[in-house]
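> need the 3D shape of this:
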Amino acid sequence: MNFFGNYSYSYSESYNYRTQSTTTSGKTTMDYDNYWHPIGNYHYLNGGADYKPTSRTTIGLLVNGNLSSTNAVTDANTLVYDGGRALKAVSKSSDRWHRLGYNLNLLHEIDSLGSTFNMDADYSRYDKTYRESISNDNGQQVIDLRNATPVNVSAAALKADYVKYFSKTLRVEMGFKVNRVRTDNDIRYDSLLLGKWELDENRTNQFVYTEQIQAAYLTVGKGWKKFSIQAGLRAERTDATGHSITLGQEVQRRYIGFFPSLNLMQQINDNNTLNFSYSRRIDRPSYQSLNPFTVAIDPYNRETGNPYLQPSYSNTFELRHGFRQFLWTTLYYRRGTHDVNRMYQQDTVNNIQTVTYQNIGSSDYGYLGVSLSLPVKSWWQLDFSGGAGYAAYRSATFSNGNWGRKPTWIILSQWQKISGWQLVFSIILRRRAHSAYNEPSMVAASA
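Numbers count the residues shown, from 1 in each chain. Below you'll find the predicted structure:
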């Protein structure tokens, strides 16, 4: 029997500033700037035990958790040029959350070639309480709000993996995973009216989201003297239900996907290697982006989710060449479909901006990168990497150029080792590129 455990603590403090300008029909309607200063304390703890009933079988239990707290001050200003209106908002918030997770693992070594059977059962629970006090001043009146947001998330998963080696160069992997997640967001706002706190129904809402995923995969790998191949296929079925208790609205979704992958490696000679990889992936919408309730952030800014969002998919290709294990050149391409983007809806009569989310068109991203490692001395190694990328966004929803160059970047780093000590020195140079892509907006003629 083997027991283990550890504890760690971290502290963070940051200063953030964000500006945003919204343009409608060629005329600037709204400028928004935001200052955010969060301070966080984070505690992490895990422990467990391993037991070997036989020489080839191991049973393990792991318990891990964390306890964190964040306090923040936010100062935001909104200027509306149509009508000359202005809003100043100051908020103070506290964030307390903890997570506790359990893992039960069984590992059995089948033979001396490396064949194994592995099974994991997991359960975790996440609880968060967010409290915030807000004061909005539009020059005519001061509106005071307070917010309490309890969030509860529970997740359970069961998975099994079987790896069979028929020889040192031929293996087959297969497995399955069942995962269920339930999240409950209960946002509650109170407004101070005539010296009394009353429930603000325009901001208060409860949203429960449940998602269950069943997945299975099969992978085959084969190697030769100078060439190897690995091919796989994963199938997934997702059942999801979003329930807005506040609106009395429930949306159920079910979708099935197949995700192939391919990896090839060719040893051209002693100095050159060539790698190619392909994979298809899925990116599911965040829970909050599916919440249909409209939250009034301030009198001029609102945010609402879209319960009908679909997952986005991507096909990625990568070709990589290596020379003597110190010079690497990478060519990367990604094609995305049903990408989720933010949409800005403009109410030009009341100067209210609403942010929502939609599946918009497709995207293409290409990248060429080079990395180099040079041993200058026995105690000094110099690393260099750089590259350039290009991105394109396409959709019938918005008609601007939709093309934007990704910034080129260069990283220089230096590594030293003297008497067991290591010193890392890095220089990062980034070139900012202009983009013709603007986030799409929809204009409403009236409220």
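> show me what contacts residue 367?
The contact partners of residue 367, by C-beta atoms under 8 Å, 6 or more residues apart in numbering, come to 330, 331, 332, 333, 387, 388, 389, 390, 406. All C-beta atoms are positioned from the backbone trio N, CA, C, and that covers glycine.
> for the chain, where's the lowest mean pLDDT among helices and strands?
strand 441-444 (a mean of 42; mean pLDDT, DSSP states H and E).
> mind giving me the PyMOL command for buried ones among the contacts of residue 367?
Remark: buried members of those, expressed as a PyMOL selection using 16 or more other C-beta atoms under 10 Å:
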select buried, resi 330+332+387+388+389
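> residue 313: which of the contacts of residue 367 is nearest?
residue 333 (14.8 Å; C-beta to C-beta).
> let me see the contact set for that closest one.
If you count contacts by C-beta under 8 Å, 6+ apart, residue 333 has them with 316, 317, 318, 364, 365, 366, 367.
> any idea which helix or strand comes after the host helix or strand of the fifth one?
If I follow you right, that is residue 365. Assigned by DSSP states H and E, residue 365 belongs to strand 362-377. Next along the chain after strand 362-377, taking DSSP H and E as the criterion, comes strand 380-394.
> packing partners of that next one?
Packing partners of strand 380-394 (3 or more C-beta pairs under 8 Å, 6 or more residues apart in numbering; DSSP states H and E): strand 362-377, strand 403-418.
> compare those strands and say which comes out lowest on pLDDT.
For the helices and strands packed on strand 380-394, mean pLDDT drops lowest on strand 403-418, to a mean of 45.
> and the residue nearest to residue 106 when sequence neighbours are not counted, which helix or strand is it part of?
In space, and not counting its chain neighbours, residue 106 is closest to residue 119: 4.6 Å by C-beta to C-beta, 6 or more residues apart in numbering. Element membership for residue 119, per DSSP H and E: strand 116-137.
> how far is the helix or strand just after that strand from where the chain is centred?
With elements assigned by DSSP H and E, the helix or strand that comes after strand 116-137 is strand 142-167. Centroid separation between strand 142-167 and its chain, computed with C-alpha atoms, centre = their mean, to the nearest Å, is 13 Å.
> for the following helix or strand past strand 142-167, packing partners?
Next along the chain after strand 142-167, taking DSSP H and E as the criterion, comes strand 170-193. When contacts are defined as 3+ C-beta pairs under 8 Å, 6+ apart, strand 170-193 packs onto strand 142-167, strand 196-199, strand 205-223.
> ok, 6 Å please
Counting contacts by 3 or more C-beta pairs under 6 Å, 6 or more residues apart in numbering; DSSP states H and E, strand 170-193 is packed against strand 142-167, strand 205-223.
> if we go by neighbour counts, what in that strand is buried?
Neighbour-count burial for strand 170-193, with 16+ other C-beta under 10 Å as criterion, is recorded at 171, 173, 175, 177, 179, 181, 183-187, 189-192.
> got the phi and psi for residue 290?
phi -90, psi -10 (degrees, to the nearest 10).
> for it, which residues are in contact?
Counting by C-beta atoms under 6 Å, 6 or more residues apart in numbering, residue 290 touches 242, 305, 307, 309.
> cool, and residue 160?
By C-beta under 6 Å, 6+ apart, residue 160 lies in contact with 119, 175, 176.
> what mean pLDDT does stretch 74-93 get?
If you average the pLDDT over stretch 74-93, you get 66.
> mind checking the end-to-end distance for that stretch?
8 Å (C-alpha to C-alpha, to the nearest Å).
> do the same with stretch 336-353
28 Å.
> so which bits of that stretch are buried?
Residues 336, 338-341, 343-344, 346-348, 351-353 are the ones in stretch 336-353 that count as buried (16+ other C-beta under 10 Å).
> quick check, nearest of these to residue 100?
Residue 100 has its nearest neighbour among the buried residues of stretch 336-353 in residue 340, at 30.8 Å by C-beta to C-beta.
> dump the residue contacts of the closest one.
Residue 340 sits next to 285, 312, 357, 359 when contact means C-beta under 6 Å, 6+ apart.
> what bridges to it?
Residues in a beta bridge with residue 340, per DSSP bridges, are residue 359.
> swap in residue 327?
residue 323, residue 372.
> now do the helices in the stretch 201-350 of the chain.
For the stretch 201-350 of the chain, helices defined by DSSP state H, counting those that start in this stretch do not occur.
> low-confidence bits of it, can you list those?
Within the stretch 201-350 of the chain, the ranges that satisfy pLDDT under 70 run 296-300, 348-350.
> one step back: tell me the buried residues in the strand holding residue 119?
116, 117, 118, 120, 122, 124, 126, 128, 130, 132, 134, 136.
> list the pairing partners of that strand within its sheet, with orientation.
Note on strand 116-137: by DSSP bridges, its sheet partners are strand 85-109 (antiparallel), strand 142-167 (antiparallel).
> those: which one's closest to residue 374?
Closest to residue 374 of these is strand 142-167 (C-beta to C-beta; 38.1 Å).
> now do the strands in the stretch 201-350 of the chain.
Taking DSSP state E, counting those that start in this stretch, the strands of the stretch 201-350 of the chain run over residues 205-223, 227-244, 249-267, 272-283, 294-298, 301-304, 312-323, 327-337, 340-347.
> run the chain-centre distance for the shortest one.
Right, strand 301-304. On C-alpha atoms, centre = their mean, the centre of strand 301-304 falls 21 Å from the chain's centre.
> show me what it is packed up against.
Packing partners of strand 301-304 (3+ C-beta pairs under 6 Å, 6+ apart): strand 294-298, strand 352-359.
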